[in-house]
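Q: dropping a prediction and its sequence here:
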Amino acid sequence: MARHLAILREPYLSRILAGEKTIESRFLRVRAAPYGCVTAGDTLFLKRASGPIVATARAARVATFDDLTPVHIAALLECHAAGLCLDDDVRARAYRSRYAVLIWLTDVALIGDPPIISKRDRRAWVVLES
């Protein structure tokens with residue numbers, strides 16, 4: 001099982017912690033992490049953008065999609081709208097993507113003493129170990 005650092009901005013991190021957002025999504029223009037890197041059972045460290053790691057979660061299920069068209073993206077967004085909880089601006093940006101990763105989250109838990117992970121780049125997803 002691998003461990004991952006997922007950088008999340010608001011309001012999405014709060015929605016995950018509140019149990020409203022149950023599917024983390026990454027819509028990508030190129031194949032980049034987490035595409036092909038995350039599998040069911042993996043541990044995710046949830047880090048606030050420009051802030052600390054605040055929680056962990058486990059990937060219960062993972063689905064990847066490639067060669068996406070706007071029609072495919074619309075179908076994905078519609079089918080999983082309740083779990084994704086995406087705002088209109090993120091939905092609009094998703095239409096420019098060719099790849100997508102949907103990660104169903106389970107066992108979301110706040111952590112009081114998070115690990116120190118040094119990260120000084122702009123990546124929104126980091127595979128820590130496999």
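A: Arrived safely.
Q: my guess is residue 110 meets residue 16, correct?
A: No. With contact defined as C-beta atoms under 8 Å, residue 110 does not reach residue 16; the gap is 10.9 Å. Where C-beta positions appear, they are placed from N, C-alpha and C, glycine not excepted.
Q: and for these two, which residues touch both?
A: residue 55 (C-beta atoms under 8 Å, 6 or more residues apart in numbering).
Q: more neighbours: those two, which one.
A: residue 16 (23 against 10; other C-beta atoms under 10 Å).
Q: wait, a helix at the more buried one?
A: Yes. Counting by DSSP: H, G, I helix; E, B strand; the rest coil, residue 16 is part of a helix.
Q: so who does it touch?
A: Residue 16 sits next to 8, 22, 24, 46, 55, 57, 105, 108 when contact means C-beta under 8 Å, 6+ apart.
Q: what about 10 Å?
A: Residue 16 sits next to 6, 8, 22-24, 44, 46, 54-55, 57, 85, 105, 108 when contact means C-beta atoms under 10 Å, 6 or more residues apart in numbering.
Q: just the buried members of the residues you listed?
A: Buried subset of those (neighbour count, 16 or more other C-beta atoms under 10 Å): 6, 8, 22-24, 44, 46, 54-55, 57, 85, 105, 108.
Q: okay if I get those as a markdown table plus secondary structure?
A: Shown next, in a markdown table, are the buried ones among the contacts of residue 16 (three-state DSSP):
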| residue | secondary structure |
| --- | --- |
| 6 | strand |
| 8 | strand |
| 22 | coil |
| 23 | strand |
| 24 | strand |
| 44 | strand |
| 46 | strand |
| 54 | strand |
| 55 | strand |
| 57 | strand |
| 85 | coil |
| 105 | strand |
| 108 | strand |
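Q: widest-spaced pair of those residues?
A: 23 and 54 (18.7 Å; C-beta to C-beta).
Q: what's the burial count for the closest residue to residue 67 other than its chain neighbours?
A: Sequence neighbours aside, residue 98 is the residue nearest to residue 67 in space, at 6.7 Å (criterion: C-beta to C-beta, 6 or more residues apart in numbering). Residues contacting residue 98 under the criterion other C-beta under 10 Å number 16.
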